[in-house]
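S.K.: give me a 3D structure for the following:
(one chain, ligands or ions: 1)
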Amino acid sequence: MIDDRNRIDAGPLDFFRGRRVFVTGHTGFKGAWLCTILAQAGAEVRGYALAPESEPNLYTLARVDRRVDSVFGDVRDLDRLSRNLTAFRPEVVLHLAAQPIVRTSYEDPVGTYATNVMGTVNLLEAVRRCADVRSVVNVTTDKVYRNLERREGYAETDVLDGHDPYSNSKSCSELVTASYRRSFFAPAAGAPAVSTARAGNVIGGGDFARDRILPDCVRAAAAGEAVRLRNPDSVRPYQHVLDPVFAYLDLAARQAGDPSLADSYNIGPDDEGCVSTGTLATLFCESWGAPARWEIVPSDGPHEAGFLRLDCTKARRVLGFRPTWSVGEAVARTVEWSKTYLSHGDVEACMESQIGAFTADCAEGAT
Ligand SMILES: NC(=O)c1ccc[n+]([C@@H]2O[C@H](COP(=O)([O-])OP(=O)(O)OC[C@H]3O[C@@H](n4cnc5c(N)ncnc54)[C@H](O)[C@@H]3O)[C@@H](O)[C@H]2O)c1
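M.R.: Got it, this is the predicted structure:
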């Protein structure tokens with residue numbers, strides 16, 4: 001457990017001080033950042049996820065196990081998940097556990113659907129069995145929409161029909177959540193508020209996943225090689241991981257007080273954060289310094305959307321959500337963390353300082 005000297009000035013996170021929060025996927029990239037913030041905010045956290053499968057991983061590097069009550073379990077196992085959730089009696093549940101890689105979903109569609117769809121069903125079933133839960137946020141993705149390769153951003157009312165098995169499984173997770181909300185969590189005294197958050201591509205320190213642009217950039221630069229881009233013109237909404245993670249927490253806190261907010265929300269950057277892969281790689285090379293560089297290689301992979309932008313008007317209007325860090329800042333923070341890691345520096349201290357800087361910038365933006 002974290003001691004008082006490491007607590008952040010919680011500000012908008014005040015809600016979480018002393019509250020029990022159940023997080024699935026705490027051993028993953030986003031989960032590790034989320035749990036670090038929650039522990040610093042003074043929450044009591046139980047994490048439920050598979051053990052980290054490969055080295056290095058942020059869960060181990062950030063010593064998340066010291067900050068949370070960590071349970072290694074599978075979301076496909078309803079009984080185990082339910083037992084662990086109900087015994088902990090959380091007020092807030094944040095569901096991040098998923099198989100999140102598009103390419104892996106082509107290799108293992110059955111496993112991807114089992115985890116991402118039945119995992120959601122199981123999580124919501126477990127919530128039904130626990131009277132203490134007031135607020136649930138299911139983390140999905142910007143890829144839940146039918147991709148029409150159009151320039152305008154997708155809004156929450158657009159058709160849910162992700163193309164590949166990963167994206168499609170997340171569309172299904174959205175539908176499952178909407179059905180549970182209508183069927184079992186309709187606004188009534190004591191019913192939890194259940195929302196989904198559809199976030200764009202995130203970047204940040206400690207992501208070691210394959211087939212993600214910034215981890216590929218860091219690996220190439222560290223090896224002194226050119227970054228190899230398959231689709232430099234693909235446009236995606238990019239954000240630093242702290243932007244959506246703070247948005248999930250904000251949403252969870254707000255709907256606990258006002259269950260009428262329970263809904264689906266796009267969480268993404270402004271238009272300037274929707275950049276091509278080539279632009280992102282250029283920002284990375286500038287931030288990393290010489291001899292970082294990138295080159296185009298022929299695309300050998302399965303279908304990936306060429307153009308994807310989110311319309312985040314609703315989250316802005318209803319929740320007051322605003323991105324805090326620009327894509328340039330997000331890249332610079334990722335480079336800072338990666339260089340700290342590669343030089344065997346203190347990555348925990350780097351994360352705590354970045355969370356502090358983000359919180360300060362967030363507060364400044366709010367004034
Ligand atoms: N990283 C991104 O750019 C991005 C963008 C949009 C949405 N998301 C979503 O955010 C969430 C977290 O993504 P991430 O980038 O941290 O991924 P990650 O791969 O780093 O973490 C995934 C987590 O899910 C857990 N998990 C996987 N299968 C499980 C199972 N069967 N049972 C229990 N736990 C299981 C893993 O152990 C890990 O803790 C996912 O739901 C993902 O779809 C990520």
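S.K.: what pLDDT does the model give L13?
M.R.: Looking at L13, its pLDDT is 89.
S.K.: likewise for the one 5 residues further on?
M.R.: Taken from the predicted model, the pLDDT recorded for G18 is 97.
S.K.: number of nearby residues for it?
M.R.: A count of nearby residues for G18, using other Cβ atoms under 10 Å, gives 9. (Glycine included, C-beta is placed from N, CA and C.)
S.K.: test my guess that it contacts E44.
M.R.: Yes: the pair G18 / E44 is scored as a contact, 7.1 Å apart, by Cβ atoms under 8 Å.
S.K.: who touches K314 in this structure?
M.R.: Going by Cβ atoms under 8 Å, 6 or more residues apart in numbering, K314 touches A155, E156, D263, Y265, N266.
S.K.: for the nearest residue to the first one once chain neighbours are set aside, what are its contacts?
M.R.: By that I understand A155. With sequence-adjacent residues excluded and distances taken as Cβ to Cβ, 6 or more residues apart in numbering, A155 is closest to D311, at 4.3 Å. Neighbour list for D311: E152, G153, Y154, A155, N266 [criterion: Cβ under 8 Å, 6+ apart].
S.K.: what would these look like in JSON lines with pLDDT, neighbour count and distance to G73?
M.R.: Converted to JSON lines, these look like this (pLDDT from 0 to 100; neighbours: other Cβ atoms under 10 Å; distance: Cβ to Cβ, whole Å):
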{"residue": "E152", "pLDDT": "90", "neighbour count": "9", "distance to G73": "41"}
{"residue": "G153", "pLDDT": "92", "neighbour count": "19", "distance to G73": "37"}
{"residue": "Y154", "pLDDT": "95", "neighbour count": "24", "distance to G73": "33"}
{"residue": "A155", "pLDDT": "97", "neighbour count": "13", "distance to G73": "36"}
{"residue": "N266", "pLDDT": "97", "neighbour count": "26", "distance to G73": "30"}
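S.K.: identify, from those residues, the entry nearest to the ligand.
M.R.: The ligand lies nearest to N266 out of these, by Cβ to the nearest ligand atom, at 11.1 Å.
S.K.: who's that closest one bridged to?
M.R.: N266 has the following beta-bridge partners by DSSP bridges: R198.
S.K.: surely A221 meets W294?
M.R.: No: A221 is not in contact with W294 according to Cβ under 8 Å; the separation is 9.6 Å.
S.K.: give the contact list for T196.
M.R.: For T196, the contact set (Cβ under 8 Å, 6+ apart) comprises V137, N138, V139, T140, S173, E174, T177, A178, S264, Y265.
S.K.: cool, D270 as well?
M.R.: D270 sits in contact with P323, where contact means Cβ under 8 Å, 6+ apart.
S.K.: ranges for the strands of this protein?
M.R.: Ranges of strands in the chain, per DSSP state E, are 20-24, 44-49, 69-72, 92-95, 135-139, 193-199, 201-203, 227-229, 235-240, 264-267, 274-276, 294-296.
S.K.: and the ones you listed as TSV, adding distance to K339?
M.R.: Below are the strands of the chain laid out as TSV (distance: least, Cβ to Cβ, whole Å):
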stretch	distance to K339
strand 20-24	28
strand 44-49	28
strand 69-72	28
strand 92-95	30
strand 135-139	28
strand 193-199	26
strand 201-203	15
strand 227-229	16
strand 235-240	16
strand 264-267	28
strand 274-276	22
strand 294-296	18
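S.K.: so which of these is the most packed in?
M.R.: Highest mean neighbour count of these: strand 92-95, a mean of 28 (counted as mean count of other Cβ atoms under 10 Å).
S.K.: picking up where we left off before, which residues are in contact with both of A221 and W294?
M.R.: Shared contacts of A221 and W294, defined by Cβ under 8 Å, 6+ apart, are found at V227, C285.
S.K.: show me where the stretch 51-200 of the chain dips below the pLDDT cut-off.
M.R.: Counting by pLDDT under 70, the stretch 51-200 of the chain shows low-confidence ranges at 189.
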